[in-house]
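In: Build me a model from this:
(one chain, ligands or ions: 1)
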Amino acid sequence: EGYCSPSGPIESTHCLYETVETLNADLYPALNRLVHYPFFRHYKVDLFRECPFWRENGFCMNRDCGVMAADEADIPEKWRAKALGEIRSGQDESSCYFRDQDFCYIEDDTTQDGEYIDLSLNPERFTGYAGDSAHQVWRAIYEENCFGLSEAGAAAAPIGFSKLSEGWGTEMVKQDEECEEKRVYYRIISGLHASISLHICQEYLDQATGEWSPNLQCFVSRLGAHPERLSNVYFNALLLMRAVARAAPYLEQYDISVAPPSRIQESDRTKELRKGDEEAKRSLADVIRLAGGKGVERGFDEADFFNGADAMILKDQFKNHFRNVSRIMDCVGCDKCRLWGKLQVSGLGTALKILFELDEKALNPKINPDLLQRSEVVALFNTLHRTSESLAAVEQFRQMYKDTQDAE
Ligand code: FAD
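Out: Numbers count the residues shown, from 1 in each chain. Below you'll find the predicted structure:
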């Protein structure tokens with residue numbers, strides 16, 4: 001079938017990388033189709049929340065940092081109305097709220113804040129956002145939120161990371177001393193960072209010619225020379241696939257339609273929307289099936305985590321760190337980077353919630369129909385799409401590199 005048979009978690013076998021690549025060959029085109037349907041390409045987000053941690057003054061004035069809003073006429077009324085009755089708890093002082101199970105701040109379709117963005121009009125790519133502002137955000141994520149690094153964290157959790165303060169973002173050493181949950185946290189952040197870098201390198205703007213094209217040198221220096229960063233992208237792909245597969249019965253029945261309720265007399269426009277809804281449903285079923293492909297469960301088994309004596313404490317720490325990351329995203333000084341940063345943190349947070357907070361009963365659509373908000377479902381699939389696209393880009397860069405070697 002083209003699958004080798006993986007025999008352990010991702011770092012212990014190269015075979016699993018091949019498995020992920022084989023799965024991705026079908027998954028990536030399927031996701032590419034899915035994210036263009038109206039349900040998945042519209043994301044409501046508040047890009048104007050203040051940075052709660054420091055005075056942000058690194059606003060990126062480049063045209064490519066800007067975000068284009070969606071056409072409000074394309075937004076079905078039911079999205080705004082849907083979650084109105086949902087229970088909210090844990091209101092915090094900055095008016096963010098987290099439900100107990102959430103790993104991150106969830107954008108809400110029903111509030112007045114924020115606006116709908118058509119993601120397909122705002123591709124994640126090179127924007128020119130760099131320098132102190134960008135570094136401060138990454139540093140805050142790595143230094144202040146990694147377990148055992150901040151003072152509070154150090155008291156609560158034993159050290160295991162390399163001393164990031166001596167070179168923040170430095171890849172982890174001492175892996176064998178590390179508790180599995182803390183390593184997972186680091187890998188998720190590093191994998192997200194690497195995936196963003198991959199998109200920057202893949203759609204890079206040559207400022208001299210004004211042309212967008214893949215930049216091999218960018219890939220080699222940011223990723224090719226750091227195989228563990230790449231392995232963290234594979235890790236995130238497995239984590240997200242596993243979450244989609246685990247929540248399959250729930251996600252399959254999710255209402256992703258945009259057509260109004262059916263009537264005997266329907267306009268051509270409504271008929272068209274209804275036809276689109278049917279296609280979108282088939283496309284979603286395809287993605288869910290492919291995400292549950294052979295080998296995924298062996299590469300990422302959620303039962304391996306949070307099962308020790310201090311599982312509850314670790315899970316709480318993990319959740320708090322991850323929630324802080326979602327608030328740090330308000331400090332990103334480039335609108336488009338903030339948009340994709342927020343979306344992907346939310347997508348990963350949704351995956352973690354599915355994997356670590358919800359039992360089979362909670363995932364039953366009949367028992368728990370309002371388990372995930374629309375924005376969580378949109379974020380989950382778009383984050384998987386981003387990650388899957390990164391894996392496809394790795395293959396493209398490998399080929400480019402080979403071509404340059406052959407030419408020499
Ligand atoms: P950076 O990527 O800023 O990395 C800083 C340091 O972190 C590196 O020197 C290295 O020590 C370490 N590091 C790098 N990668 C990893 C990794 N994977 N794992 C562990 N450590 C690592 N720019 C755009 O052009 N388009 C975007 O869409 C975009 N989105 C962004 C979203 C967010 C949330 C943030 C914080 C920044 C974003 N940026 C974006 C900026 C971009 O990520 C870089 O910061 C910028 O391109 C400058 O890159 P750099 O080479 O200085 O290294």
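In: isn't there a helix covering Tyr43?
Out: No. Counting by DSSP: H, G, I helix; E, B strand; the rest coil, Tyr43 is not found in a helix; it is strand.
In: from memory it sits against Asn382, does it?
Out: Yes. Tyr43 is within contact range of Asn382, at 7.3 Å (criterion: Cβ atoms under 8 Å). All C-beta atoms are positioned from the backbone trio N, CA, C, and that covers glycine.
In: intersection of neighbour lists for these two?
Out: Common contacts of Tyr43 and Asn382 (Cβ atoms under 8 Å, 6 or more residues apart in numbering): Leu119, Leu343.
In: Roughly how far does Phe306 sit from Glu376?
Out: Between Phe306 and Glu376 the distance is 20 Å, computed by Cβ to Cβ, to the nearest Å.
In: swap in His321?
Out: Counting by Cβ to Cβ - His321 and Glu376 are separated by 19 Å.
In: Please apply the same query to Arg274.
Out: 25 Å.
In: ok, now Leu121?
Out: Where Glu376 is concerned, Leu121 sits at a distance of 22 Å (Cβ to Cβ).
In: Looking at those two now, which is surrounded by more residues?
Out: Shown here are Leu121 and Glu376; by other Cβ atoms under 10 Å, Glu376 has more neighbours (21 against 12).
In: so the more buried one makes contact with Leu352?
Out: No. Counting by Cβ under 8 Å, Glu376 stays clear of Leu352, with 11.3 Å between them.
In: helix or strand for Gln344, which one?
Out: Per DSSP states H and E, Gln344 falls inside helix 335-356.
In: Centre of the chain to that helix, how far?
Out: A distance of 4 Å separates the centroid of the chain from that of helix 335-356, by Cα atoms, centre = their mean, to the nearest Å.
In: Can it be said to contact the ligand?
Out: Yes. Using Cβ under 6 Å from any ligand atom, helix 335-356 reaches the ligand at Lys336, Cys337, Trp340, Gly341.
In: Please list all residues in contact with Glu124.
Out: Ile196, His199, Lys336, Trp340, Arg386.
In: how about 10 Å then?
Out: 195-196, 198-200, 202-203, 336-337, 339-341, 343-344, 382, 386, 389 (Cβ atoms under 10 Å, 6 or more residues apart in numbering).
In: In terms of helices and strands, where is it?
Out: Counting by DSSP H and E, Glu124 is part of no helix or strand.
In: show me the contacts for the closest residue to Arg242 other than its chain neighbours.
Out: Once flanking residues are discounted, Arg242 sits nearest to Phe300: 4.5 Å by Cβ to Cβ, 6 or more residues apart in numbering. Listed by Cβ under 10 Å, 6+ apart, the contact set of Phe300 reads 9-10, 16, 184, 235-243, 245, 351, 355.
In: How about Glu115?
Out: Tyr43, Lys44, Val45, Asp46, Leu47, Phe48, Val67, Ala69, Ala70, Glu72, Ile75.
In: now do Val67
Out: Taking Cβ under 10 Å, 6+ apart, one finds 45, 47, 115, 117-119, 121-122, 334-340 in contact with Val67.
In: which of the residues you listed lies closest to the ligand?
Out: For the ligand, the nearest member of the contacts of Val67 is Cys337. The distance, counting by Cβ to the nearest ligand atom, is 3.2 Å.
In: Kindly tell me how buried the residue lying closest to the closest one once chain neighbours are set aside is, as a neighbour count.
Out: Leaving aside its chain neighbours, Cys337 sits nearest to Tyr129 (5.2 Å; criterion: Cβ to Cβ, 6+ apart). Neighbours of Tyr129 under the rule other Cβ under 10 Å: 22.
In: Next: Glu180.
Out: Neighbours around Glu180, by other Cβ under 10 Å: 14.
In: And the pLDDT at Glu107?
Out: pLDDT, Glu107: 73.
In: Quick check: the gap between it and His42.
Out: Glu107 is 12 Å from His42, by Cβ to Cβ.
In: cool, and Asp206?
Out: Asp206 is 31 Å from His42, by Cβ to Cβ.
In: between the two, who's got more neighbours?
Out: Between Asp206 and His42, counted using other Cβ under 10 Å, the more crowded position is His42 (23 against 11).
In: Any idea what the more buried one is bridged to?
Out: Asp118 (DSSP bridges).
In: Using neighbour counts, pick out the buried residues of stretch 346-361.
Out: 346-358 (16 or more other Cβ atoms under 10 Å).
In: Would you mind giving these as a markdown table with pLDDT added?
Out: Shown next, in a markdown table, are those (pLDDT from 0 to 100):
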| residue | pLDDT |
| --- | --- |
| Ser346 | 95 |
| Gly347 | 97 |
| Leu348 | 96 |
| Gly349 | 94 |
| Thr350 | 96 |
| Ala351 | 96 |
| Leu352 | 94 |
| Lys353 | 94 |
| Ile354 | 95 |
| Leu355 | 94 |
| Phe356 | 92 |
| Glu357 | 90 |
| Leu358 | 89 |
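In: what would these look like in CSV with distance to Arg269?
Out: Output for those, formatted as CSV (distance: Cβ to Cβ, whole Å):
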residue, distance to Arg269
Ser346, 31
Gly347, 31
Leu348, 36
Gly349, 36
Thr350, 32
Ala351, 35
Leu352, 39
Lys353, 36
Ile354, 35
Leu355, 40
Phe356, 43
Glu357, 40
Leu358, 38
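In: which one of these is nearest Arg139?
Out: Leu348 (19.5 Å; Cβ to Cβ).
In: Double-check the closest one against Ile189; I have them as touching.
Out: Yes. When contacts are counted by Cβ atoms under 10 Å, Leu348 is listed as touching Ile189 (9.1 Å).
In: Between those two, which contacts overlap?
Out: With Cβ under 10 Å, 6+ apart, Leu348 and Ile189 have common neighbours Asn236, Phe322, Val325.
In: ok, the first one to the ligand distance?
Out: Pointing back at Asn236 there. Using Cβ to the nearest ligand atom, to the nearest Å, one gets 11 Å for the distance from Asn236 to the ligand.
In: Confirm that that residue sits in a helix.
Out: Yes. Residue state for Asn236 (three-state DSSP) corresponds to a helix.
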